[in-house]
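Participant: sequence and predicted model, in that order:
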Amino acid sequence: MLWSEMARGARGKTGALILLFLAFGVPSLSQAPPCTFTLSPSSATVPAASGTGTLTVTATQPAACTVTLNPASLALPATSFSGTVTVTASSPGCDRSVFSPVTWITITSGAAGFGSGSFNFTVAANDTPQVRTATLTVGGQALNVTQAAATCSVAVTPPSPFWPPEGGAGSLSVVTNCSWTAVSNSDWIAVLSGASGTGNGTVRYAVAGNSSNQTRVGSITIGGQALSIHQSGVPCTVSLAASRASFPVEGGAGSVEVLAPGECAWTAVSGASWILLGPGSNGTGNGTVPYTVVANTLPQPRTGVITVANQLFTITQPAASCELTLSSSSATLPSGGGTGSFAVASNCSWTVSATARWITLSTTAGTGESSVSFTAATNPSAEGRTAVITVGGQNFTVVQAGISCNVTLAPSSADLPGTGGAGAISVASGTGCKWTPYPQADWLKITSWSNVSGTGVVQYSASPNPTREPRTGSIVVGEQTFTIIQGPAEIALTAQRVVNAASYLAGPVAPGEIVSLFGAFTGPASPASLELSPDGRFVTSSLGGTQVFFDDLAAPLLYVSDTQVSAIVPFAVAGKTSTQLKLVHKGLQSKPVTLKVGPAAPALFTADLSGKGQGAILNQDYKLNSAANPAARNSVVMLFATGAGQTDPAGVDGQIIGATLPKPLLPVSVRIGGVTARVLYAGAAPGLVSGVLQVNVQVSAVTPGNAVPVVLRVGEAESPAQVTMAVK
């Protein structure tokens with residue numbers, strides 16, 4: 001009725017409705033939904049004369065906006081976090097703008113909009129020991145966020161202080177994010193300052209002097225951690241009142257006085273059989289060590305020591321006055337050996353020794369007048385030999401003739417390849433002739449040899465030639481020379497040593513598969529890693545002087561050394577059943593190796609690059625999956641593999657993947673814990689080289705564990721069942 005009156009008061013002018021809205025105010029979208037107006041009649045014809053009429057206005061206002069949030073609140077860990085909130089609005093016109101009142105919550109997308117939708121957010125890590133909260137406003141609706149406190153950690157340096165006996169004062173640095181106290185656990189350690197604190201701080205402490213000669217260990221507990229403090233004892237010093245003594249030939253008795261602190265223990269030890277220790281050879285503090293020196297009957301002076309702790313007491317004794325003569329000075333024996341003897345005349349004791357093992361003596365010592373008998377063993381050599389028997393400083397010479405032997409070798413020489421090898425030499429000689437083979441080069445080795453009545457066989461081996469030039473060595477047998485000529489170094493490759501670079505297992509290769517080749521002389525002594533083309537778009541096929549060819553197609557190289565090469569199988573082998581592998585390094589070329597080719601040979605990369613155990617898998621938060629960081633069930637993880645075969649579009653050898661992401665031609669599936677998982681993406685890995693497969697997969701609802709098996713299937717081929725992941 002009021003609107004009707006105002007309309008009539010305006011006498012039908014077009015500004016009537018404008019005045020109406022100005023009088024009552026236009027409702028904003030944030031206050032109330034927009035109104036709908038209906039006029040009756042919708043038009044009118046007014047005569048020239050003045051008059052009155054009636055205009056009926058009908059207003060309709062829809063219900064107020066409401067929004068529903070999923071989740072309705074957020075309880076987050078202390079670590080950084082990313083997430084999504086779904087917003088359901090009651091009307092497409094409802095404002096769902098998001099406002100964050102704190103800096104540690106960032107709205108990354110969807111911060112403004114109308115109607116239903118969602119927004120993404122990130123939460124910074126909480127590095128404080130307190131729980132923190134905030135309230136987001138979403139279209140007028142409150143969203144409560146709670147983040148857990150950081151785990152309390154304490155680190156103290158230095159970790160294990162060591163103090164001298166006199167002690168002193170020192171300090172400890174405390175690095176932590178929480179409150180702490182410092183308490184001494186030993187009466188000889190005192191906390192001077194910093195007995196408590198919050199966050200980083202310093203604890204000053206004092207260590208009392210140690211009067212003992214024993215090392216002691218105490219501790220201070222800081223923030224629940226016991227820090228060991230070591231202190232050495234007073235050094236134990238032992239000395240002797242005298243350092244030496246001399247005795248006559250007939251010997252005698254004596255003693256040495258020991259000077260030591262009261263707590264120091266010591267032991268005396270005789271260093272000669274003719275110095276005998278009496279009672280008191282060990283003790284504590286000051287003491288005396290008695291000893292006896294035995295008479296010297298030898299024609300040589302002698303010196304012995306008594307050791308007390310780390311001190312030496314030296315005793316000297318002159319030689320006995322001896323006269324000694326031998327009945328003869330030499331003997332000659334045949335090659336077959338024999339016996340002999342000579343008389344000894346002396347007035348004192350004497351010893352006997354021989355310079356050769358082939359002489360056997362009847363005695364090793366004697367006194368006064370006696371005789372010495374000896375036996376010479378058969379001489380197996382064609383060379384004569386000489387030995388000397390010494391009696392009390394006098395020499396007796398034994399000369400023995402050699403046997404007559406002629407040695408013949410068959411063959412007289414051999415040629416070996418650069419990879420090394422083995423061979424045999426037949427040796428012919430007279431009955432009873434003895435001979436020994438001697439290699440004349442360090443790369444030659446005698447593996448076995450036999451000699452039967454002068455005739456036998458010598459087995460030898462040669463190590464691989466590490467140089468690019470032929471070399472010559474020899475083996476000498478009974479004055480005869482056997483010559484060995486070895487060719488230059490060769491690159492040795494076998495199919496069994498061409499393996500998948502992820503699993504390290506041999507088998508058929510696939511287009512685009514990263515493989516590792518193991519052998520000798522495959523590359524430079526100093527390893528080299530991949531190089532890119534000048535435009536940065538491709539991995540080069542020549543590295544460190546090495547090239548690898550598959551059917552004469554140069555393969556991109558990722559790593560080369562003198563024992564290992566990592567290469568990418570060209571995509572051109574697709575459709576073949578086999579390929580010829582060849583490696584060339586600075587002029588050296590390997591023999592061709594035939595490899596089987598399959599459509600796919602998948603294998604998952606592992607965290608420690610061993611081919612087994614924990615996979616190189618990224619969790620949904622882009623952090624490495626591990627027992628310490630398991631993936632949640634139903635979350636998304638990223639697997640990395642090689643050997644998926646040809647792609648669409650076709651793979652380009654060595655290409656660094658950009659915006660275009662080729663995908664395998666063959667179907668890709670994944671089993672986690674034996675359960676088929678949902679594959680969200682399977683294709684090239686952006687920024688990596690062509691041949692690396694990235695698979696984004698949703699973790700199955702499997703039994704949690706730290707070693708849940710993961711198997712990748714491409715076409716009909718499966719990865720080895722030796723890779724695992726952690727699931728919580």
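Facilitator: Everything's here; your move. Numbers count the residues shown, from 1 in each chain.
Participant: mean confidence (pLDDT) on stretch 498-514, please.
Facilitator: Averaging pLDDT along stretch 498-514 gives 97.
Participant: in that stretch, what's buried?
Facilitator: Under the neighbour-count criterion of 16 or more other C-beta atoms under 10 Å, stretch 498-514 has 498-504, 506-514 buried. All C-beta atoms are positioned from the backbone trio N, CA, C, and that covers glycine.
Participant: what stretches of the chain score poorly on pLDDT?
Facilitator: Applying pLDDT under 70 to the chain flags residues 1-63, 382, 432.
Participant: what backbone torsions are found at the closest residue to C152 other than its chain neighbours?
Facilitator: The shortest distance from C152 to any non-neighbouring residue, by C-beta to C-beta, 6 or more residues apart in numbering, is to C178 (3.9 Å). Torsion angles at C178 (phi, psi; degrees, to the nearest 10) stand at phi -150, psi -180.
Participant: report the contact partners of C178.
Facilitator: Applying C-beta atoms under 8 Å, 6 or more residues apart in numbering to C178 gives the contacts 129, 152, 154, 198-199, 223.
Participant: list just the nearest of the residues you listed to Q440.
Facilitator: Nearest to Q440, judged by C-beta to C-beta, of those is V154 at 67.0 Å.
Participant: who's in contact with that closest one?
Facilitator: 174-176, 178, 180, 222-225.
Participant: do V637 as well
Facilitator: If you count contacts by C-beta under 8 Å, 6+ apart, then V637 has 617-620, 625, 631, 696-697, 699, 725 around it.
Participant: how far does the helix or strand in which it is found sit from its chain's centre?
Facilitator: For V637, the element it lies in under DSSP states H and E is strand 636-642. Centre-to-centre, strand 636-642 and its host chain are 23 Å apart (C-alpha atoms, centre = their mean, to the nearest Å).
Participant: this protein: helices as residue ranges?
Facilitator: Using DSSP state H, the helices of the chain run over 2-9, 16-24.
Participant: still on that earlier bit, please pick the buried ones from the contacts of C178.
Facilitator: 129, 223.
Participant: and the contacts of C178 as CSV, adding distance to L688?
Facilitator: Shown next, in CSV, are the contacts of C178 (distance: C-beta to C-beta, whole Å):
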residue, distance to L688
P129, 40
C152, 40
V154, 41
T198, 46
G199, 43
G223, 44
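Participant: out of the contacts of C178, who's nearest G93?
Facilitator: Among the contacts of C178, and counting by C-beta to C-beta, the member closest to G93 is P129, at 45.6 Å.
Participant: now that closest one, nearest residue through space, not along the chain?
Facilitator: Nearest residue to P129, sequence neighbours excluded (C-beta to C-beta, 6+ apart): C178, at 4.3 Å.
Participant: measure Q486 to Q440 for me?
Facilitator: 13 Å (C-beta to C-beta, to the nearest Å).
Participant: surely L639 touches R671?
Facilitator: No. Taking contacts as C-beta atoms under 8 Å, L639 lies outside contact range of R671: 11.5 Å.
Participant: what's the overlap in contacts for these two?
Facilitator: Counting by C-beta under 8 Å, 6+ apart, the shared contacts of L639 and R671 are V710.
Participant: OK, contacts around the closest residue to P662 other than its chain neighbours?
Facilitator: In this structure, P662 finds its nearest non-sequential neighbour in T647, 3.6 Å apart by C-beta to C-beta, 6+ apart. Counting by C-beta under 8 Å, 6+ apart, T647 makes contact with 512, 571, 662-665, 683-684, 690.
Participant: change it to 7 Å
Facilitator: Counting by C-beta atoms under 7 Å, 6 or more residues apart in numbering, T647 touches 662-665.
Participant: of the residues you listed, closest to S404?
Facilitator: Checking the contacts of T647 against S404 with C-beta to C-beta, the nearest one is P664 at 80.5 Å.
Participant: and that closest one, bridged to which residues?
Facilitator: Per DSSP bridges, the residues bridged to P664 are T647.
Participant: thought it was touching A682?
Facilitator: Yes. If you go by C-beta atoms under 7 Å, P664 and A682 touch, sitting 6.4 Å apart.
Participant: quick check: neighbours shared by these two?
Facilitator: In contact with both P664 and A682: L693, using C-beta under 7 Å, 6+ apart.
Participant: quick one: stretch 198-215 to chain centroid distance?
Facilitator: On C-alpha atoms, centre = their mean, the centre of stretch 198-215 falls 37 Å from the chain's centre.
Participant: can you check stretch 672-692 too?
Facilitator: For stretch 672-692 - counting by C-alpha atoms, centre = their mean - the centre lies 27 Å from the chain centre.
Participant: ok, residues contacting it?
Facilitator: 512-514, 539, 556, 568, 636, 640, 642, 651-652, 654-657, 661-664, 668-671, 693-700, 702-703, 708-710.
Participant: what's the end-to-end length of that stretch?
Facilitator: End-to-end distance for stretch 672-692: 20 Å, by C-alpha to C-alpha, to the nearest Å.
Participant: buried stuff in it?
Facilitator: Neighbour-count burial for stretch 672-692 flags 672-673, 677, 679, 682-685, 689-692 (criterion: 16+ other C-beta under 10 Å).
Participant: now do the phi/psi pair for the residue nearest the centre of the chain.
Facilitator: Geometric centre of the chain, nearest residue: D608, 8.6 Å, by C-alpha atoms, centre = their mean. Taking degrees, to the nearest 10, you get phi -100, psi 10 for the backbone angles of D608.
Participant: list the contacts of it.
Facilitator: If you count contacts by C-beta under 7 Å, 6+ apart, D608 has none.
Participant: pull the number of nearby residues for A319.
Facilitator: Taking other C-beta atoms under 10 Å as the criterion, the count of residues near A319 is 14.
Participant: no no, A241
Facilitator: Using other C-beta under 10 Å, A241 is surrounded by 12 other residues.
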